[in-house]
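J.: Quick one, structure for this:
(chains A and B)
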Amino acid sequence: MLVKDVYLDAVMYEESALAHLIHHLITERKVSLEDSLSVLDFERADMQKVTEMIRQNALGFQKINVYSLKKNDKTFIFIFAASRQAAVDYYTYTFRQRPLNCHELSLDYEMSRGKEVITFRALKSEFEKFPAIAGHFERY
Amino acid sequence: MMGEKAFLGCLMKASYLIQDTVIRPQHLAETRNREIMQQMIEFNISGKGNDFLITMSFKNNLDAFGGMSYLNELQAHADVEKFHEIEKLVLEAWKEREKKNILTLAASHDWEISQVISKLDKINEVRLEDHKSITQALADVYEAPWQEVELSISATTGIKQLDVMTSGFQDGEVTILAARPSMGKTDVMLHFAKAAGWAGYLPLLFSLEMPEKSITSRLIASTGGFNRVKMRNPKLLLSQSQKDRWPSIIGSLNKTTIQIFDGASQTVAEMRAKTRKMIHQFPMKKPIIFIDYLTLIGTSHKDAGNSHMQVTEISKSLKAMAKEFSCPVVCLAQLNRNVESRMNKRPMMSDIRESGSVEQDADLIVFLYREKYYDQSEGNPMLELIVCKNRNGPVGTVMAKYNECTGKIEDLPESNETKVSS
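T.: Have a look, this model is predicted:
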């Protein structure tokens, strides 16, 4: 596996810290994209600079997570939002009540929709604006 | 917006598509999408081996492109198999936006109708379906040596010998029919129009010179073999037997479905619009366009440019129109007076007024010549149709019989009268 692959994955899964770290190492020429992963040494990074980069969000990530918000004993609402707080706010605004709880789910969680299996990640691309309600689940 | 995302996603996934697509960055609605596409084009030209996403991540002004999350998101929308459909959607959306823009501008600046039409037509010229790979083209003809030839139906000229030489009027070709005044241009054109109409075409007659009334009366006269003088007062001048034939002549003329547009100084853009309308009205028929005559066609910039430039523009747009509608276009043209000063008064290509561009753009150039025109004493009823340019066939001279009084044109009954020179 090459540094390039890890970097691409980090970008694709929007792992901000890892992506910025590798970005930093590459711009500082401490590692190249074509290097093997074994060369990657995080100790060589200037952590202060990386922290600054992450804080400024130099790579422009706007990660959208999916949250499960419990409505009542049986009903759960799934909301795409940038943060837990944003999800709770959106829920409160929409349903005029506080959620019983709020948990982050993995975007790669698979569920069935009609005849196909779909992940939240794929579902996310159907929305233009966030926060948005992805769907709900009822327990019997 | 989704369409644009999907479009960019496809380009990201399959970078070769960027060379195929007709969409340019300015066709996209969102600024950041334009920027991204511009970057893609540059990236593609530079031929860097790395992934586009990685290259982008090292750009300074990532914010302008919506950040890595946005670029990443684009990829999620990619569906390379449906690229063609996506491309169409994006293009349609662009056209729609442009249309609105033009119409708003036109309303606020009080544009002339012709300007609005030509601007709108320009949008339509961005087309997707004008590409064919050589593999596809060759596959289409691969079996040709073993296949029965389907006779290509083309608009007949109504003159047998001319049909042999040109195989009728071909789709997408411009024919120029030129002669000195009163040589019989309009009559020949009407003859062509009738023949094409009876053959199942939809003749669209743009008569910039003559009003619809005279065209109709000429059509009746030539079809029925009536003297044109008598058409001034049919009730008084026509004989009883001619009156008896009148309804059947009207009936057979009606079958030609000729459409006459007699507005003066119509522009090519207007003709396009009218043609398009007619195509919708008669979806089963193929149009064939007749224009009487070239230098009367209006141009978009009336005062600017000399007449040579205008004719160049017109002849170009005629060719474009023929190609766009994939139909034959027949346009009449005047000859200048150089012909008269020569001993042999048969016209040559350079005699067409403002000829340069016309010579180039026309696929078929036919001149008309009558001995009798110059020598009244001769009773020779022959009309020579001199084919002096034929892109896809021989050139030569075809003889036909022309009746000056009725305007009727007939094939010569006997012997081959064609002189083919190449």
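J.: what does chain A put close to chain B?
T.: A:4, A:7-8, A:11-12, A:14, A:19, A:23, A:26-27, A:33, A:57-64, A:121-122, A:124-125, A:128 (C-beta under 8 Å from any C-beta of the partner chain). No exception for glycine: its C-beta is placed from N, CA and C like everyone else's.
J.: distance of B:Glu371 from B:Val339?
T.: 14 Å (C-beta to C-beta, to the nearest Å).
J.: Who has more neighbours out of the two?
T.: B:Val339 (18 against 15; other C-beta atoms under 10 Å in any protein chain shown).
J.: I figured that one hits B:Arg180, correct?
T.: Yes: with contacts counted by C-beta atoms under 8 Å, B:Val339 reaches B:Arg180, the gap being 6.3 Å.
J.: List the residues that are in contact with both of those two.
T.: B:Pro347 (C-beta atoms under 8 Å, 6 or more residues apart in numbering or on different chains).
J.: Let me see the ranges of the helices in chain A.
T.: Residue ranges of the helices in chain A, as given by DSSP state H, are A:3-12, A:16-27, A:47-56, A:84-95, A:120-124.
J.: what's the helix or strand for B:Phe290?
T.: Assigned by DSSP states H and E, B:Phe290 belongs to strand B:286-292.
J.: Next, the angle from the very next helix or strand once past that strand to strand B:286-292.
T.: Next helix or strand after strand B:286-292 toward the C-terminus (DSSP H and E): helix B:307-325. Angle of helix B:307-325 versus strand B:286-292, following axes from the mean of the first three to the mean of the last three C-alpha atoms, to 10 degrees, is 170 degrees.
J.: quick check: angle from the helix or strand just after helix B:307-325 to strand B:286-292?
T.: Going down the chain from helix B:307-325, the next helix or strand is strand B:329-334, by DSSP H and E. Here the directions of strand B:329-334 and strand B:286-292 differ by 10 degrees (the same axes, to 10 degrees).
J.: In contact with residue 14, which residues are there?
T.: In the absence of a named chain, this looks at chain A. A:Glu14 touches A:61, A:63, B:68-69, B:72, counting by C-beta under 8 Å, 6+ apart.
J.: Correction: the question concerned chain B.
T.: So B:Ala14 contacts B:78, B:80, B:83 (C-beta under 8 Å, 6+ apart).
J.: Columns mean neighbour count, distance to B:Glu87 and mean pLDDT on top of the helices of chain A, output as JSON lines?
T.: Formatted as JSON lines, those follow (neighbours: other C-beta atoms under 10 Å in any protein chain shown; distance: least, C-beta to C-beta, whole Å; pLDDT from 0 to 100):
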{"stretch": "helix A:3-12", "mean neighbour count": "18", "distance to B:Glu87": "25", "mean pLDDT": "86"}
{"stretch": "helix A:16-27", "mean neighbour count": "20", "distance to B:Glu87": "32", "mean pLDDT": "88"}
{"stretch": "helix A:47-56", "mean neighbour count": "13", "distance to B:Glu87": "37", "mean pLDDT": "89"}
{"stretch": "helix A:84-95", "mean neighbour count": "16", "distance to B:Glu87": "35", "mean pLDDT": "92"}
{"stretch": "helix A:120-124", "mean neighbour count": "18", "distance to B:Glu87": "23", "mean pLDDT": "85"}
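J.: Nearest to B:Glu359, out of those helices?
T.: Closest approach to B:Glu359 among the helices of chain A is made by helix A:3-12 (59.2 Å; C-beta to C-beta).
J.: by contact count, what packs against the closest one?
T.: helix A:16-27, helix B:52-57, helix B:67-77 (3 or more C-beta pairs under 8 Å, 6 or more residues apart in numbering or on different chains; DSSP states H and E).
J.: what does chain B have sitting close to chain A?
T.: Counting by C-beta under 8 Å from any C-beta, chain B sits next to chain A at B:1-2, B:50-51, B:53-54, B:57-58, B:62-63, B:65-70, B:72-73, B:75-77.
J.: ok, 6 Å please
T.: B:57, B:62-63, B:67-69, B:72, B:76-77 (C-beta under 6 Å from any C-beta of the partner chain).
J.: Report the buried members of those residues.
T.: The neighbour-count test (16 or more other C-beta atoms under 10 Å in any protein chain shown) marks B:57, B:62, B:67-69, B:72, B:77 as buried among the residues of chain B next to chain A.
J.: shouldn't B:Leu318 be in contact with B:Ile176?
T.: No: using C-beta atoms under 6 Å, B:Leu318 is not in contact with B:Ile176; the gap is 9.1 Å.
J.: and the closest residue to B:Glu209 other than its chain neighbours, how many residues sit next to it?
T.: Nearest residue to B:Glu209, sequence neighbours excluded (C-beta to C-beta, 6 or more residues apart in numbering or on different chains): B:Asp292, at 5.2 Å. The number of residues packed near B:Asp292 is 23, by other C-beta under 10 Å.
J.: Kindly state the beta-bridge partners for B:Asp292.
T.: B:Ser207 (DSSP bridges).
J.: ok, the residue in chain A that chain B sits nearest to - contacts?
T.: Closest contact between chain A and chain B, by C-beta to the nearest C-beta, is at A:Gly60 (2.1 Å). For A:Gly60, the contacting residues are B:62-63, B:67-68, by C-beta atoms under 6 Å, 6 or more residues apart in numbering or on different chains.
J.: Can I get those in JSON lines including pLDDT?
T.: Shown next, in JSON lines, are the contacts of A:Gly60 (pLDDT from 0 to 100):
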{"residue": "B:Leu62", "pLDDT": "78"}
{"residue": "B:Asp63", "pLDDT": "76"}
{"residue": "B:Gly67", "pLDDT": "81"}
{"residue": "B:Met68", "pLDDT": "83"}
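J.: what's the closest of the residues you listed to chain A?
T.: Of the contacts of A:Gly60, the one sitting nearest to chain A (C-beta to the nearest C-beta) turns out to be B:Gly67, at 2.1 Å.
J.: any idea how far the nearest residue to that closest one once chain neighbours are set aside lies from A:Glu15?
T.: Of all residues not flanking B:Gly67 in the chain, A:Gly60 sits nearest, at 2.1 Å (C-beta to C-beta, 6+ apart). Computed as C-beta to C-beta, the A:Gly60 to A:Glu15 distance reads 14 Å.
J.: ok, now B:Trp146?
T.: From B:Trp146 to A:Glu15 the distance is 62 Å (C-beta to C-beta).
J.: Next: B:Ala155.
T.: Distance from B:Ala155 to A:Glu15, by C-beta to C-beta: 67 Å.
J.: What does the pLDDT read for B:Leu190?
T.: With respect to pLDDT, B:Leu190 has a value of 91.
J.: and what of B:Gly305?
T.: 64.
J.: Mind splitting chain A into its structural domains?
T.: With domains defined by automatic domain parsing, chain A comprises A:3-56, A:65-138.
J.: just to revisit the earlier point, how about the helices and strands packed on helix A:3-12 in a markdown table, adding distance to B:Leu11?
T.: Listed next are the helices and strands packed on helix A:3-12 as a markdown table, based on distance: least, C-beta to C-beta, whole Å:
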| stretch | distance to B:Leu11 |
| --- | --- |
| helix A:16-27 | 23 |
| helix B:52-57 | 9 |
| helix B:67-77 | 9 |
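J.: Out of those helices, flag the one nearest B:Lys255.
T.: The nearest among the helices and strands packed on helix A:3-12, by C-beta to C-beta, is helix B:67-77 at 54.4 Å.
J.: The closest one: what's the following helix or strand?
T.: helix B:83-109.
J.: now the angle from whatever helix or strand comes next after that next one to helix B:83-109?
T.: Downstream of helix B:83-109, the first helix or strand assigned by DSSP H and E is helix B:113-124. Comparing the axes of helix B:113-124 and helix B:83-109 via the same axes, to 10 degrees yields an angle of 160 degrees.
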